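Chemist: only the shape, not the letters, is given here:
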């Protein structure tokens, strides 16, 4: 029986379908949380808000600006539905990956998922997107952007972990895969 802290869980304790359900739900909820985070702490300057990173990425992939900037109207506000789809898809994809990997490798849950969120921020906002030209180089981004994105990703993943753990436990009526049955937690 695998104990908490070991590298890989016991295959008999893994619950992949339930992890996927938890990941889907966590991805949707955390995407909304990340939106909320960006209201008081916008991650971009007003000049860069004209084309947000999801829109820029789609344009780099060949989609036209007329498509990437499409909006719907809600109470007189024009909301960018195309970038919302990318935002939710990103969140759901990473939540699914995280929740399924957590069934195998409990160390991914370091600091209740916050470490994984920081790694995602570094990988995408410091390395990949600047290298692709989707966002400016890290040294050309204002401190406020780094602050908002770093802590936004930390909170985003923390919410995914909270939802993952609760949903997994509710769906399986068991503790996480690395906890031996019959042990106290």
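Modeler: Nice, thanks for sending it over. Keep in mind that this is a model prediction, so the values were computed, not measured. Residues are numbered from 1 along each chain as shown.
Chemist: now stretch 76-96: mean pLDDT?
Modeler: Mean per-residue pLDDT for stretch 76-96: 95.
Chemist: nope, stretch 164-177 is what I meant
Modeler: 94.
Chemist: cool, and stretch 28-42?
Modeler: 95.
Chemist: how far does stretch 49-67 sit from its chain's centre?
Modeler: In this view, stretch 49-67 has its centroid 20 Å away from the chain centroid, taken as Cα atoms, centre = their mean, to the nearest Å.
Chemist: buried sites along stretch 72-88?
Modeler: Under the neighbour-count criterion of 16 or more other Cβ atoms under 10 Å, stretch 72-88 has 80, 82, 83, 86, 87, 88 buried. Placement of C-beta: from N, CA and C, glycine included.
Chemist: the third one: helix or strand, and which one exactly?
Modeler: In this case it means residue 83. Taking DSSP states H and E as the definition, one finds residue 83 inside helix 81-104.
Chemist: going C-terminal from that helix, what's the next secondary structure element?
Modeler: Downstream of helix 81-104 (by DSSP H and E), the next one is helix 114-121.
Chemist: packing partners for that following helix?
Modeler: Under the contact definition 3 or more Cβ pairs under 8 Å, 6 or more residues apart in numbering; DSSP states H and E, helix 114-121 sits against helix 143-172.
Chemist: follow-up on the earlier one: need the buried residues of stretch 72-88 in TSV (columns: distance to residue 137).
Modeler: Shown next, in TSV, are those (distance: Cβ to Cβ, whole Å):
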residue	distance to residue 137
80	25
82	26
83	22
86	22
87	23
88	27
